[in-house]
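Visitor: Starting from these lines, generate the structure:
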Amino acid sequence: MVLAMNCNIIFSPTKLHSESYFLRKITSVHIEKSWKRLTDIAEITLPRKAIGVRNEKGRFFNFYSAHQFIKVGDPVIIELGYNGHYNVEFTGYITQFIEGIPLKMKFEDEMYKLKQLPVNISLQKTTLKKLLKKIVPGYEIDVLEIELGALRFAKTTVAKVLEYLKDEYSLYSYMKNKKLVCGKVYADDSEQKTANLHLEKNVVNSDLNYKNKEDVFIRINAVSTLFNGNKIEVTVGDENGEERQLTYYGIELKAELEKIAKEDLKKYKVDGFTGYVKCFGIPKIEHGQKVNLKSVLYPKRNGIYYVESTVVDFNATPEFRRKVQLGEKVV
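Guide: Reported below is the predicted structural model:
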């Protein structure tokens, strides 16, 4: 069966236009998603000629004309698929028009909005959950349950606070639609189906190196600097392992410091792969999801793995590919 590639870029209604506009002819789409990055991004390149969008009534507009009311900050949905069947691959906002021939547009996910939310707050000893509930009202949150010390943020933004949590506490944050996830390497994606990948059947190519966690020896020395300048330290991992020094700030309890250090240890000491697999546009796979990997040539590598990151490339060549980086094996 011949598969026809489909693309649908939806510019949702705004104050300047009360209906959606649809762009279906593009030169390329590029999407990057990962729990390791604060913001998921996308970019589209438009054709050099006959760039047009249609509204909900089917009326055609030259894109350069529509560009007058499609603005930076407007919401956008990117759908990709085959034979008229689409998956939502990206939801976010326009962040940049790169004028010229060809015209390019850049997008960011919901984190774009959090970058604009102001924060002026001073808290005594608090928890990660209380902090985020205070500074991101209106958003669902899914966070690691840990205690923080006293915190003060003046004239900054939510995104800057999240960057601080990553740099000082190694607590990574990312958005899953309208949900903010913080401090969890993998979110609970039990509602998403496990995707099936077969190395000899539906994988275009791969650059995978398998490693057993038993063969990875890591020792983490975790140091927390307190508000009075004193420090507390804990060590987790293998006694004779490769040493990693991780620095945190304001964690006053050794038990809390050990808890965070053990979470960070998971990032280094895992059963799994380094490298990636490149597969077709379907099945849809996203970070945090689980992949059931099978191989006839390497049966010992069969198993279910978490997805670290994905990169989607869709172009008029035509080609629709998904580059999937695998993480630790699901216990």
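Visitor: alpha carbons only for contacts and neighbour counts from here, please
Guide: Will do.
Visitor: Count residues in the vicinity of V307, would you?
Guide: Look at V307: counted by other CA atoms under 10 Å, it has 23 neighbours.
Visitor: what about it, which helix or strand?
Guide: Element membership of V307 [criterion: DSSP states H and E] is strand 303-315.
Visitor: Listing partners with orientation, what would you give for that strand?
Guide: Take DSSP bridges as the rule and strand 303-315 pairs in its sheet with strand 28-34 (antiparallel), strand 290-294 (antiparallel), strand 319-329 (antiparallel).
Visitor: Low-confidence regions, the protein specifically.
Guide: Applying pLDDT under 70 to the chain flags residues 1-2, 50, 65-66, 187-191, 227-229, 270-272, 331.
Visitor: Determine how far the longest helix anywhere in it lies from the middle of the whole chain.
Guide: Across the chain, the longest stretch assigned as helix under DSSP state H is helix 254-268. Relative to its parent chain, helix 254-268 has a centroid offset of 22 Å by CA atoms, centre = their mean, to the nearest Å.
Visitor: how about the residue nearest to D109 when sequence neighbours are not counted, secondary structure?
Guide: Nearest-residue entry for D109: G92, 3.9 Å, with adjacent residues in sequence omitted and distances by CA to CA, 6 or more residues apart in numbering. When classified by DSSP: H, G, I helix; E, B strand; the rest coil, G92 comes out as strand.
Visitor: for G288, helix, strand, or coil?
Guide: Of the three states, G288 takes coil according to three-state DSSP.
Visitor: So it sits against Y186, correct?
Guide: Yes: taking contacts as CA atoms under 8 Å, G288 lies within contact range of Y186: 5.1 Å.
Visitor: Show me which of the two is the more surrounded one.
Guide: Legend: neighbour count by other CA under 10 Å for G288 and Y186, higher for G288 (25 against 18).
Visitor: and that one, how far is that from T126?
Guide: Separation of G288 from T126 (CA to CA, to the nearest Å) stands at 28 Å.
Visitor: mind giving me the domain split of the chain?
Guide: The chain breaks down into these domains under automatic domain parsing: 5-109, 114-182, 195-213+271-329, 217-268.
Visitor: what is in contact with G288 and Y186 at once?
Guide: 35, 306 (CA atoms under 8 Å, 6 or more residues apart in numbering).
Visitor: Share the number of residues neighbouring the closest residue to L257 other than its chain neighbours, please.
Guide: Leaving aside its sequence neighbours, L257 sits nearest to I251 (CA to CA, 6+ apart; 6.2 Å). Look at I251: counted by other CA under 10 Å, it has 24 neighbours.
Visitor: Point me to the helix or strand that includes I251.
Guide: Using DSSP H and E, I251 is not contained in any helix or strand.
Visitor: I'd assumed V143 was in contact with K133.
Guide: No: the criterion here is CA under 8 Å, and K133 misses it with V143 at 10.3 Å.
Visitor: Looking at the two, which has the bigger crowd around it?
Guide: More crowded of K133 and V143, by other CA under 10 Å: V143, with 17 against 13.
Visitor: Quick check: the gap between that one and L128.
Guide: Separation of V143 from L128 (CA to CA): 7 Å.
Visitor: what does L208 give?
Guide: Using CA to CA, one obtains 36 Å as the distance from L208 to L128.
Visitor: ranges for the helices of the stretch 51-200 of the chain?
Guide: 63-66, 111-114, 128-135, 158-169 (DSSP state H, counting those that start in this stretch).
Visitor: Please tabulate those helices in TSV, including the columns distance to P318.
Guide: Below are the helices of the stretch 51-200 of the chain laid out as TSV (distance: least, CA to CA, whole Å):
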stretch	distance to P318
helix 63-66	22
helix 111-114	31
helix 128-135	43
helix 158-169	37
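Visitor: Would you mind saying which of these lies nearest E99?
Guide: helix 63-66 (10.4 Å; CA to CA).
Visitor: tell me the contacts of the nearest residue to Y93 once chain neighbours are set aside?
Guide: Of all residues not flanking Y93 in the chain, P75 sits nearest, at 4.4 Å (CA to CA, 6+ apart). Applying CA under 8 Å, 6+ apart, we find P75 in contact with 11-13, 91-94.
Visitor: Could you pull out the strands in the stretch 101-250 of the chain for me?
Guide: In the stretch 101-250 of the chain, the strands defined using DSSP state E, counting those that start in this stretch lie at 104-108, 118-123, 126-127, 140-143, 147-148, 151-157, 173-176, 179-182, 195-198, 203-211, 218-225, 231-237, 242-249.
Visitor: List the buried residues for the second one?
Guide: When you say that, I think you mean strand 118-123. For strand 118-123, burial by neighbour count (16 or more other CA atoms under 10 Å) applies to 118-119.
Visitor: now that strand, how far from the centre of its chain.
Guide: With CA atoms, centre = their mean, you get 26 Å for strand 118-123.
Visitor: got the angle between that strand and helix 128-135?
Guide: Orientation check (axes from the mean of the first three to the mean of the last three CA atoms, to 10 degrees): strand 118-123 against helix 128-135 gives 140 degrees.
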